[in-house]
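Q: Build me a structure from this.
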Amino acid sequence: LLPKILKSQGMNKPVSYEERCRNQLQAMLKNDIKKSGGNLNFLYRPNNKPIHSPVHNQIQKVLYLLQNKLFEECASELRRIDLPTLHAILNDIPFKLLYESIPLSLPVLDVLYTRLYQSTTPGSASWRLLSPDMLVPKLILFFAEEWLASGKGGKNCNGYFPACRNLLWMASTVDTSLADSLRTAKVTMESNIEKLGKHGLVECFDGSLKSLQSSLQFEMNHMIQQMKQALNLLKEQRGKDLTDTISESAHQRLLQVTSAELETRIFRNTSLLSIIEPATKCESFLKLLSELRQRAEDDKTVLRDYKSLLRMNGLPCNSVRLETVAVEFQKFSHGYSTALKLLSEVRSERGGSDSVSPWEMSSEDSNLTDQPNLCGAQPEIQAFSAVTCECFFYSSFIVYIYGYFYVLLYEC
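A: As a prediction, this is how the structure comes out:
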């Protein structure tokens with residue numbers, strides 16, 4: 001029977017019974033049970049001898065429950081499985097399906113994370129199979145969608161929140177910077193909402209409120225008019241008494257200027273300066289130009305963060321979307337706020353040593369915390385030693401001064 005099975009499956013070398021069981025169960029997850037499920041009986045080996053393997057039965061049951069999305073029953077089954085069996089079936093558990101099925105799959109994730117957290121370390125192969133980097137983004141997405149579905153955010157899924165608290169606490173003990181990352185992301189969402197509201201009317205130089213483009217146009221027209229006045233004034237002065245000849249600009253001719261000509265030249269240059277300088281140093285125009293530059297940079301930042309949210313949701317970033325950008329930022333801001341709130345609650349509940357992961361505390365850190373101050377001296381002894389040294393210094397100085405004056409008097 002075994003050669004026939006191997007030949008029908010296109011395999012040239014024998015494969016273990018456990019491997020063929022695993023391949024068959026993976027085919028079940030791909031909805032190919034109708035094509036390949038009848039070719040292999042899990043209760044009999046190739047030699048037709050019955051077996052009683054609880055491990056294979058548990059694997060088959062767990063994968064069947066996951067395939068039919070019976071997550072509560074699957075969580076109960078995973079609680080009864082011993083740790084060696086749990087580590088053995090991790091390769092067959094579709095974690096991507098579990099993360100995509102949040103919040104319904106939270107009981108299963110809670111059981112898996114809790115049992116592996118208590119029995120392994122973050123660097124182990126079993127822990128890496130969980131793909132913990134996908135957990136927190138999916139929880140944030142769940143909190144954000146929950147806020148959008150509830151309207152104003154007042155409703156919450158209290159049935160799922162205990163599992164979320166436990167998962168966030170384990171994730172924060174593994175990644176100690178998780179709370180700071182969540183807080184930074186929340187501030188970024190709120191900052192983007194604030195940037196979207198900064199594209200309103202601006203004040204023009206005459207005190208009126210206009211759009212930025214209209215204000216820039218008004219300012220530029222005003223500058224052009226000032227430049228035209230300066231050009232007309234230059235043309236008038238050039239036609240009266242100004243020449244470009246070398247004889248008129250010679251050093252000897254310049255020294256022959258009279259007081260009347262000096263007054264005329266001062267008046268002419270001052271008038272020209274009063275017209276040209278405001279046109280070249282228009283502070284209101286420069287302020288509007290800086291506002292335009294800031295708005296362009298803010299829009300770039302908002303669009304970049306919005307595309308990051310789309311990638312977080314698994315949506316294409318290049319497609320044209322009709323959702324309001326501010327609503328997306330607002331719901332994700334609520335998602336980060338909810339995660340921070342749950343994390344704060346579970347830390348305050350557990351507190352003490354439970355708030356510190358056993359993986360965070362190394363022997364070197366514990367030794368450093370137990371070291372006394374300043375080479376083992378107590379604070380009271382340190383203060384007494386400092387006062388004693390100071391008194392000894394002053395007394396020695398006084399004795400030295402008295403001895404010096406005594407020698408002087410003796411010599412006299």
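Q: Quick check: which ranges of the stretch 251-400 of the chain have low pLDDT?
A: Residue ranges of the stretch 251-400 of the chain with pLDDT under 70: 251-254, 316-322, 351-400.
Q: cutoff 80 now
A: 251-257, 276, 278-282, 312-323, 350-400 (pLDDT under 80).
Q: May I see the buried residues of stretch 192-210?
A: Residues of stretch 192-210 classed as buried: 192, 193, 195, 202, 204 (neighbour count, 16 or more other Cβ atoms under 10 Å). Bear in mind the C-beta positions are built from the backbone N, C-alpha and C, glycine included.
Q: Can you name the residues in contact with it?
A: Stretch 192-210 has contacts (Cβ atoms under 8 Å, 6 or more residues apart in numbering) with 211-212, 215, 218-219, 222, 282, 284, 288, 291, 295, 298-299, 301-302, 305-306, 325-326, 329-330, 333.
Q: end-to-end on it?
A: Length of stretch 192-210, first residue to last, Cα to Cα, to the nearest Å: 23 Å.
Q: thinking again about what came up before, out of the buried residues of stretch 192-210, which one sits closest to residue 60?
A: Taking Cβ to Cβ as the measure, residue 60 lies nearest residue 192 of the buried residues of stretch 192-210, at 48.5 Å.
Q: In the strand or helix carrying that closest one, which residues are buried?
A: Using DSSP states H and E, residue 192 sits within helix 178-196. Neighbour-count burial for helix 178-196 flags 178, 179, 182, 185, 186, 188, 189, 191, 192, 193, 195 (criterion: 16+ other Cβ under 10 Å).
Q: same deal with stretch 70-80?
A: So stretch 70-80, judged by 16+ other Cβ under 10 Å, has buried residues 71, 73, 74, 75, 77, 78.
Q: So which of these sit within helices?
A: Using DSSP state H, the members of these that fall in helices are 71, 73, 74, 75, 77, 78.
Q: which residues in the chain form strands?
A: 202-203, 209-210 (DSSP state E).
Q: The last one pairs with which strands?
A: Going back to what we said before, that points to strand 209-210. Its sheet considered, strand 209-210 pairs with strand 202-203 (antiparallel) by DSSP bridges.
Q: a markdown table for the strands of the chain, including mean pLDDT and distance to residue 82?
A: Compiled in a markdown table, the strands of the chain are given as follows (pLDDT from 0 to 100; distance: least, Cβ to Cβ, whole Å):
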| stretch | mean pLDDT | distance to residue 82 |
| --- | --- | --- |
| strand 202-203 | 84 | 69 |
| strand 209-210 | 86 | 73 |
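Q: Reformat those as a markdown table; add distance to residue 165.
A: A markdown table is the format used below for the strands of the chain (distance: least, Cβ to Cβ, whole Å):
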| stretch | distance to residue 165 |
| --- | --- |
| strand 202-203 | 47 |
| strand 209-210 | 49 |
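Q: closest to residue 345 out of those?
A: The nearest among the strands of the chain, by Cβ to Cβ, is strand 202-203 at 44.2 Å.
Q: List the contacts of residue 147.
A: So residue 147 contacts 153, 331, 334, 335, 338 (Cβ under 8 Å, 6+ apart).
Q: was I right about the fourth one contacting residue 138?
A: No: with contacts defined as Cβ atoms under 8 Å, residue 335 does not count as touching residue 138, sitting 10.6 Å away.
Q: correct me, but residue 340 touches residue 184?
A: No: counting by Cβ under 8 Å, residue 340 does not reach residue 184; the two are 10.9 Å apart.
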